[in-house]
Structures are given as C-alpha cells and as structure tokens.
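Novice: the following block contains a protein sequence and its predicted model.
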Amino acid sequence: MIGTESEDETPGTPESQPPAPPRAATRGASGAALVAIGILGSRIFGLLRQMLQARYLGASAAADAFVAAFKIPNLLQTLFGEGVLSGSFIPVYARLVASGEEEEAGRVAGAVLALLGLVVAVIVLVGVVAAPALVPLIAAGFRGEKRELTIQLVRIFFPGAGIFVLGAWTQGILNTHRRFLLSYSAGILWNVAMIAALVWLGPRSTPTDLVSQLAWASVVGAALQFLVQVPGTLRLERRLRIRPDRSSPHTRTVMRNFGPVFVSRGVVQISSYIDQWIATFLPNGVVAILGYAQTVYVLPVSLFGMAISAAQLPAMSAVIGHEEEIAASLRGTLDGSLRQLAYFVIASAAAFIAFGDVISRVLFESGRFTAQDSVFAWGVLAGSAVGLLASTMGRLYSSTYYALRDTRTPLRYALIRVAITTVLGLIFALPLPKLLGIDPRWGGAGLTVSAGIAGWCEFVLLRHALNQRIGTTGLPVRYTSTLWVAAVIAAAAGWAMRFVAPTGHALAERAVAGVMILGTFGVVYLAATIVLRVPEANTALRRLRLKR
C-alpha cells in the first residue's frame, strides 16, 4: 500500500472526495482521454499483430531473434525521440507557446529538428555497419544461425528507428498544441503495415524468412506513421525554420537538458536490455514469450501512465506564477492524475495475476504458440503485476520533474533502479529456478518480478524528493486499499466463472471463455467500487453512458 499517513478518511465520506482539480488538470484530463483513445487504437492493432506473430512464429528461435533485434533500434527511438522531447524539448517549447512567443517557438522547434536529424542520421549509419558488434550486447546467449539472423534484422530495423525519431518530433509539436488524437493514433499505420505482411506472407513463409519480411514492413510502417503527422504539424507551426541554429538561449536550454534526459531514459531502457540479455541464456522461446507478454502488460502503462503523463506535461510546463502557486497547481494535477491511474492499474494488475493464462490463451495460443507457452506467459504477466502501479506512477512523477526543468533527479534514481534490476534479475532468472527445482523457463517470470521490485524502489525515491519540494503528494492509503479490496472481490467472481465457462481449445471456445471470465471481473470491479463509493468509478460509469 502507498500513500501519505495523514490521509485516513473513510472512502465515500465527503472528506474523502478529491479536491476540485486545477484548470491545468482539467485540460490534462481531456487530453489524457484523447491520448488514451489514440493509444488504445494503436494497441488493439498491436495485439492483433502479436496474435499473428504468435501464430506464425510461436516461441521459436526466429521469434527470439526478431524480439531481440528490435531492442537496439528501439533504444534509438526512445532516447532521441520520446525521451529527449518529453524531458528537454516540450517543456521549453510549451512555455514559449503559452507565452505567445510564436516566432521563437518556431525557431527552437526547427533547430531541434535539424540537430536531432543530424545526430540520428550518423547513429543509424554507424548502427547498420556495426551491427555484428552490437548484437552481443543484447543477445550474448545467441549462437550460430540465430545470432546471424539477429544481426541481419538489426540492420533492417535501424533506418526505421531513425524515421520513428522524426515522428516523435512531430508528436511533440502536436501534443504541445493539444492535438493528441492524431499523434497517438498514427501508430496504427505501423501495425497495419506489419499485419498486412503477416497475413500475406505468414502462411507461405518459413519463420526465418518471415521475420526478415516483417522487419522491412516495420520500416514501411514507420514512414507512414511519420508522414501522416507532417501536414498537421506544418499547419500548427507555420514559423518553423529548419536549420541547426544554436544561438537561441532556449535552444541551448534544450541542449543542456539533453544529456541528463538522454542518460536517464537510457538507464531505464538499460533495465529492459538487462532483462533481455539475461533471458538469452534461458531456453529457446523465453525471449519471444517475454515479447508477447510485454505487449499485454505495457498496455495499462501506455493507456493510463503514458496517456496521463503525456497530456499533463505540456499543461504543467505552461503553469506560470509564483513558486507557491506553481507548487499548488502541480500538487493538484499530480494527485488527481494518480487517482485516475490507480483506479485502472490496480484492476489490471489483479487481472494479470488471476487470469494471465486466460489472456494468453485468447490472444496468442494458436499455430506455433502452444498451451505450455501460455502457462509461461501467465507467469511473466503475473510477475509484471508486481511493479505495474509503480511504473505508471513513476512516469507521472518524472513528468512533474521535467515540468520543473529538473532532469537530474530522475536520473539519479534511475541509476539505482538499474543496479537493483541487474542484481535481482540475475538471481531470480538464473540460479533461483534451479534451486527451486522448476523449469528454467520460469526465469522469465523472475525477470519481471525483479523489475517490479526495482520500479517500486525508484518510485518511492521520486515521490520522497518531490514531496520535499512541492509539498505532500501521493495516493491515500485507504483509497489504495479500497481499490485492492474491490479487485480481490472481482477476481473471486472471475474465478467462479471459470467453472461454467467453456474449456475447449477451439478459438471460439477460448474467446467465449475469455469474455465470460474477464467480463465478469470487469463488471464486478466497477460495481464493487461504486458500492464502496470510489469517485473515479462514477466518472468511469458516466463515460460509459456518454459512449452509449
């Protein structure tokens, strides 16, 4: 349980109702809804892509190579794209836009694009040439044909990753101007390109050939995702001047913040790389299973943590006033957003623990992906539930630091997280299954558990330091406990539904069982939180009625 010890009101009493959110929080809430809609659409297509990958690739050596190969270019996208822009560029650019300095905003945006493009072009070129030296850094356990295939895939992925970085820049411009839906739904095109390749080539290709074709489809999808955002970006930023001009003090501020943000985001990514590096020493298929399960367990992180933090960052960065006014605004925004996060993320964590096998069977179990693979995927999902809430809340706390122009504090705590992840990951994944006398493939679940523990350590440090700076923030203990009580009640109802749901292996039977079990869980959770007078439950119910 998390929260501040002073928060001891009874759920449902007037005192327990959250305070009216500040104006920035209200704008952020509507923006978060648009971000969530865009991400949800992209993730739905992503799940469809993963279902097809599981069908035609399964937990094979080729699937392992595909998942591992995408990690290196994905680092380029995250660091130079999403990471740098969210932590260094957007706060500066949003402040200029809010202040009405449109000419300077266009100048800074163009300079960042030019400098980012030059750096990324060099890195892509080096990455393609140096792929054989890079692969051992992420897949030291791969040998022979599996290693050669991974090298080939890395070379294909790198150009697409460079295009992704440009797409992240357009996304930053669109988000600052509160055009969230387009920027976050553009990812659908990337998934569609790969889905088309799987549907057309999957039935008639070997796994080895298919992963190469799928990698090229990823590059095409990245280009489509970027191009669809360009017209809207140019309409919003008409004073754009694309040249590597470093004379502006605002551009220099972005560059000065670049280093700490780059390292901070890189450290977070290193945790994921360490997990994968350790997984390459486990039996064939573990890397692929981690990849499939990740598609599921990052969904609540993306829908709630990323959606809310992405929408709130421009709003928090644009807050102007005295230090006490800014602190009060940030506290209100942060606390309101944390409640929204917890309402959905705690339910997701409970579902992963109780029904991870059901989720895996419905989404992935067909073709080359077996029932035994679903069991191990359940273990990975249950392990991810350990740190799910910490990961989503940590994103929001990091965004608050970035809004305050502080990029160094998140970096320090990210370093601690990596150290804990490394030590615990090595223990939980490699020697622990042997000591317990269980299948080595359970080491994949050990990796997500260790990452979750490290995530909690980082979150506690982030919250403690921020509370000293802007005042007390966090979730009330009773609020968090109430949500967990509701989640346990819902999980019990879902388990009861297992006894009447179909148990066959046909796709239709698995789908019906999934709807019955997970649907029961969702309905009971909503009902339980309404009975327990959780304000966010009524908000969710109103949104459902509006959609109807």
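Specialist: Great, that's in hand.
Novice: hey, let's count contacts and neighbours off CA atoms from now on
Specialist: Noted.
Novice: the helices in the stretch 251-400 of the chain, which residues?
Specialist: 286-300, 307-317, 323-363, 371-384, 388-403 (DSSP state H, counting those that start in this stretch).
Novice: in the first one, what's buried?
Specialist: Which is helix 286-300. Neighbour-count burial for helix 286-300 flags 286-294, 296-300 (criterion: 16 or more other Cα atoms under 10 Å).
Novice: how about CSV for the residues you listed, with pLDDT and distance to Phe157 added?
Specialist: Shown next, in CSV, are the buried residues of helix 286-300 (pLDDT from 0 to 100; distance: Cα to Cα, whole Å):
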residue, pLDDT, distance to Phe157
Val286, 89, 21
Val287, 88, 18
Ala288, 88, 17
Ile289, 90, 20
Leu290, 89, 19
Gly291, 84, 16
Tyr292, 85, 19
Ala293, 87, 21
Gln294, 82, 19
Val296, 86, 22
Tyr297, 84, 24
Val298, 78, 21
Leu299, 77, 23
Pro300, 76, 26
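Novice: out of those, who's nearest Ala351?
Specialist: Tyr297 (10.4 Å; Cα to Cα).
Novice: ranges for the helices of the stretch 401-548 of the chain?
Specialist: For the stretch 401-548 of the chain, helices defined by DSSP H, counting those that start in this stretch occupy the ranges 408-429, 431-436, 443-470, 477-498, 507-531, 535-547.
Novice: mind putting these into a markdown table with distance to Leu389?
Specialist: Shown next, in a markdown table, are the helices of the stretch 401-548 of the chain (distance: least, Cα to Cα, whole Å):
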| stretch | distance to Leu389 |
| --- | --- |
| helix 408-429 | 15 |
| helix 431-436 | 25 |
| helix 443-470 | 8 |
| helix 477-498 | 11 |
| helix 507-531 | 17 |
| helix 535-547 | 16 |
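Novice: pLDDT weak spots in the stretch 351-500 of the chain?
Specialist: For the stretch 351-500 of the chain, not a single residue meets the criterion pLDDT under 70.
Novice: repeat the analysis, applying 90 as the threshold.
Specialist: Within the stretch 351-500 of the chain, the segments meeting pLDDT under 90 span 362-371, 391-392, 394-412, 414-415, 417-418.
Novice: what do you get for the stretch 101-250 of the chain?
Specialist: Looking along the stretch 101-250 of the chain with the criterion set at pLDDT under 90, you get 101-106, 108-113, 115-117, 119-120, 123, 127, 133-144, 161-188, 204, 232-250.
Novice: show me where it has its strands.
Specialist: With strands called from DSSP state E, counting those that start in this stretch, the stretch 101-250 of the chain shows none.
Novice: is it correct that Ala490 is in contact with Gly519?
Specialist: No. Using Cα atoms under 8 Å, Ala490 makes no contact with Gly519, being 10.0 Å away.
Novice: more neighbours: the two, which one.
Specialist: Ala490 (27 against 15; other Cα atoms under 10 Å).
Novice: Ile163 contacts Phe226, correct?
Specialist: Yes. Counting by Cα under 8 Å, Phe226 is a contact partner of Ile163 at 6.9 Å.
Novice: still on that earlier bit, to Arg441, which of the helices of the stretch 251-400 of the chain lies closest?
Specialist: helix 286-300 (6.3 Å).
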